[in-house]
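K.L.:
Here is the input, now give the coordinates:
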Amino acid sequence: MKSSDHGVSGSAAVPDASLKLPLHGLRVIPGGQRARRKASGDEDDWRSTLSDDWDIEAVPVPARFTNDPAARAAITLVVSGDRIVYANVLNRPPAEQAELARILAKELDAAIANAGRTPRRIHVRHVSVARALRSRMRRRGIGIHTERELPDTVEAAKALLFYISGVEDVPLVSFPETWAAWGFSREDVGKLFRVAAAYYRAQPWDVFADNEPVAATLADGVELHAVIMGTAGKECGLALYADADDLLLLHFLQHTERAMFGARGAVLSLSFSPAREVPPHMRREIRDTKWEIAGPAAYPMLTALNTPGGGVQSKQFEAFVAVLGSLPRFVATLRRNSAAGAKKAKRWKDRVTGITLAFTPPSRLGWADLLLRHPR
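P.N.:
Numbering: from 1, shown residues only. Model prediction:
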């Protein structure tokens, strides 16, 4: 990929392929034994097929830019049913909602110009984005609704990536090749590396089981759900879920990839990798900044799922660092109690961060209630 100021020209998903953007008028056509998706244009007047309801979203993609290693790619999609009304690529979609809303409004204007008509309603996934967009849409006479899922947009994104690259079912996640792409200061990333190194040295996967999630109640009362990865001897790290329902899905589907990418709420995941698996630009970045690494197999790498535009807001980042930092102290307390023959603490408050950590067995989260609320 080659980046430009407003998006990408000569753009592609992984692997590289050439395509002129923006696109519009493509139709998503499912088919084939493996339900392969593809996007193709046709000679019909696609504008006449559009409904009054359009979906709009900035969808993250794990694509890289040959001339910009600090980029974090996302496709802005405007979709009506099986039609891609408009698609463009951004190299750095902002994480903060006001800025993202400004860009989405601009992309919607381009879609309207291409289609020659204005939708009556638009649908977005995230409440925070809807709030930021509402006044702009009101001035245009367009209603705005939030939907927990936008299946047409997901289908369109996967179809478009297949159309561009020939790669099927690319996961729609942010996974940039440098830490700079997240937009945090070097000092903030350095703090994350310090607490990540302490977390790795604490080896919490020796104390927790993958099916033993921990509820983390922040000082402001927000509850998140932490899953310590590594007890199965595979990838180790920490996943932080915003939605308890996704935690149940993870348990029900036995921690498979389907469970991870089937989540509906925001998930931030930090995993530890050996140097050989870290992108070269990121290795140089870590070497030059001298961020702390716990060992040759302990290079931290961050993935964001189901966040607006694939970004991580400052508040989310701070919460993740706080939870990551509190867990080694919780582990030390559990080990001391175990050595003294005391009962395993079910609830513990970290004096440093003010976070309260508590074991929450999946059976206590309520299967029947989950299925009634979100049939799958």
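K.L.:
just the helices in the stretch 101-250 of the chain please.
P.N.:
127-140, 151-165, 186-202, 244-252 (DSSP state H, counting those that start in this stretch).
K.L.:
Please read the previous query as pertaining to the stretch 251-376 of the chain.
P.N.:
So, for the stretch 251-376 of the chain - with DSSP H, counting those that start in this stretch - the helices run 257-261, 280-289, 314-339, 367-373.
K.L.:
so which of those helices comes closest to Gly141?
P.N.:
Nearest of these to Gly141, taken as CB to CB: helix 314-339 at 32.6 Å. Where you see a C-beta, it was placed from the backbone N, CA and C, and this is true even at glycine.
K.L.:
about what we covered before: of all the helices of the stretch 101-250 of the chain, which one is nearest Asp53?
P.N.:
helix 151-165 (9.8 Å).
K.L.:
Show me what that closest one packs onto, helices and strands only.
P.N.:
On a contact count with 3 or more CB pairs under 8 Å, 6 or more residues apart in numbering; DSSP states H and E, helix 151-165 meets strand 26-31, strand 36-40, strand 53-60, strand 74-80, strand 83-90.
K.L.:
what mean pLDDT does the shortest one have?
P.N.:
Regarding strand 36-40, the rounded mean pLDDT is 41.
K.L.:
same thing with stretch 134-152?
P.N.:
On average, stretch 134-152 scores 91.
K.L.:
Straight-line length of that stretch, end to end?
P.N.:
Using CA to CA, to the nearest Å, the end-to-end distance of stretch 134-152 comes out at 22 Å.
K.L.:
What of stretch 333-351?
P.N.:
So stretch 333-351: terminal residues 12 Å apart, CA to CA.
K.L.:
Now do it: everything it contacts.
P.N.:
Contacts with stretch 333-351, where a contact means CB atoms under 8 Å, 6 or more residues apart in numbering, come from Val207, Ser326, Arg329, Phe330, Ile355, Thr356, Leu357, Ala358, Phe359.
K.L.:
So which of the residues you listed is the closest to Thr178?
P.N.:
Ser326 (27.2 Å).
K.L.:
Hmm, Ala130 is touching Ile122, no?
P.N.:
No: at 9.1 Å, Ala130 does not count as touching Ile122 under the criterion of CB atoms under 8 Å.
K.L.:
Which of the two has more residues huddled nearby?
P.N.:
Each of Ala130 and Ile122 has its neighbours counted (other CB atoms under 10 Å); Ile122 has more, 24 against 19.
K.L.:
Pairing partners for the more buried one in the sheet, please.
P.N.:
Trp54, Ile144 (DSSP bridges).
K.L.:
Let me see the contact set for it.
P.N.:
Residues in contact with Ile122 (CB under 8 Å, 6+ apart) are Asp53, Trp54, Asp55, Ile56, Leu108, Leu133, Met137, Ile142, Gly143, Ile144, His145.
K.L.:
Alright, I will stop here.
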